[in-house]
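S.K.: generate a structure from the sequence data that follows.
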Amino acid sequence: MKLVRSLDIPPVWLLAALAFAWVQSTRWTYGLSFGPVWADLLGGLLVGGGVVLTALAVMEMRRHQTTIHPHNDSARLVQSGIFKRSRNPIYLADVMILAGFILYWDAVLALPLVPVFLWILEKRFVIPEENRLRKTFRMDFARYCEKVRRWV
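M.R.: Got it, this is the predicted structure:
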């Protein structure tokens, strides 16, 4: 059971969604396409932006010496850096990376994975994590929620 819990992290869910999108793009295209160059460009920008966003968030969390693991309790409420713009920049980055690869791979039929993946992240990670932060940091977290939106 501990192994299952240790595998229940956003990168594993992202890899599963990416694997499905890649298989769809290589096996079941049904002649559908986003178009020539624009999808590759936008896909690359989304993936690159997602990687940068993740790096910024991880560096900020490391600077504040708190965990990035979604099931662990946070030692501090990080409100600086990229966390001034989004309460969940790493999850947002995961969604951007998935959408970017779907565009780049021309996986048209995998596009519905983006909102499904967002829903999974929100239900499995964001809401429980925010509930823990709400219990731990009370008024500080309430003020933070008033200032900063959940996603963007």
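
S.K.: which residues are in contact with the residue most central in space within the chain?
M.R.: Taking Cα atoms, centre = their mean as the criterion, Y91 is the residue nearest the geometric centre of the chain, at 2.2 Å. Shown in contact with Y91 (Cβ atoms under 8 Å, 6 or more residues apart in numbering): P10, L121, E122, F125, V126. C-betas here are computed from N, CA, C, even on glycine.

S.K.: three-state assignment of the residue lying closest to the fourth one once chain neighbours are set aside?
M.R.: By the measure of Cβ to Cβ, 6 or more residues apart in numbering, the closest residue to F125 outside its immediate chain neighbours is P70, 4.6 Å from it. The three-state label given to P70 by DSSP: H, G, I helix; E, B strand; the rest coil is coil.

S.K.: again, but for R138
M.R.: Classification of R138 by three-state DSSP places it in helix.

S.K.: in this structure, what residue spans correspond to strands?
M.R.: Using DSSP state E, the chain contains no strands.

S.K.: now the residue of the chain most remote from its centre: how far from D40?
M.R.: Distance to the chain centre peaks in the chain at G31, reaching 29.4 Å (criterion: Cα atoms, centre = their mean). According to Cβ to Cβ, to the nearest Å, G31 and D40 sit 18 Å apart.

S.K.: please apply the same query to C145.
M.R.: Distance from C145 to D40, by Cβ to Cβ: 37 Å.

S.K.: appreciated, that's everything.
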